[in-house]
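K.L.:
Kindly return the folded structure for what I paste below:
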Amino acid sequence: MHEYESGERVGRYLVLIDVDGRLHALSSNAIQGVSQDDADPGECILALNGGRFLRLPVPFGQALDWLR
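P.N.:
Numbering: from 1, shown residues only. Predicted coordinates:
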């Protein structure tokens, strides 16, 4: 079985691993915004379509680099 890494691209999807270790494969148009976490600058929060949020254990700048 393939082990995915956060930030890896698979076709049109970006694979992300949240703070709970869950895998997510998102298309770039599913992400509405990125915010630095107020409590921990080493984490960021993605706002997704449908009012969902995804907390990532990476700094804001790294998340932006993945979205390029």
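K.L.:
For this protein, which segments count as helices?
P.N.:
Shown for the chain, the helices assigned by DSSP state H span residues 60-67.
K.L.:
Strands along that one, start to end?
P.N.:
With strands called from DSSP state E, the chain shows them at 9-10, 13-17, 23-27, 31-36, 44-48, 52-56.
K.L.:
which one of the ones you listed lies closest to Met1?
P.N.:
strand 23-27 (11.7 Å; CB to CB). Bear in mind the C-beta positions are built from the backbone N, C-alpha and C, glycine included.
K.L.:
Next one, pLDDT for the residue nearest the centre of the chain please.
P.N.:
Centroid check for the chain by CA atoms, centre = their mean gives Leu16 as the closest residue, at 4.8 Å. Note for Leu16: predicted pLDDT of 98.
K.L.:
okay, now the closest residue to it other than its chain neighbours: neighbour count?
P.N.:
Distance criterion CB to CB, 6 or more residues apart in numbering; nearest residue to Leu16, sequence neighbours excluded, is His24 at 4.7 Å. Other residues lying near His24 total 18 when counted by other CB atoms under 10 Å.
K.L.:
what do you get for Cys44?
P.N.:
Residues near Cys44, counting by other CB under 10 Å, number 21.
K.L.:
What's opposite Leu23 in the beta bridge?
P.N.:
Beta-bridge partners for Leu23, by DSSP bridges, are Ile17.
K.L.:
can you pull the pLDDT of it?
P.N.:
Turning to Leu23, the model gives it a pLDDT of 98.
K.L.:
And Met1, by the same measure?
P.N.:
pLDDT, Met1: 81.
K.L.:
how near is it to Tyr13?
P.N.:
Distance, Met1 to Tyr13, using CB to CB, to the nearest Å: 17 Å.
K.L.:
Of the two, which one has the most company?
P.N.:
Tyr13 (14 against 3).
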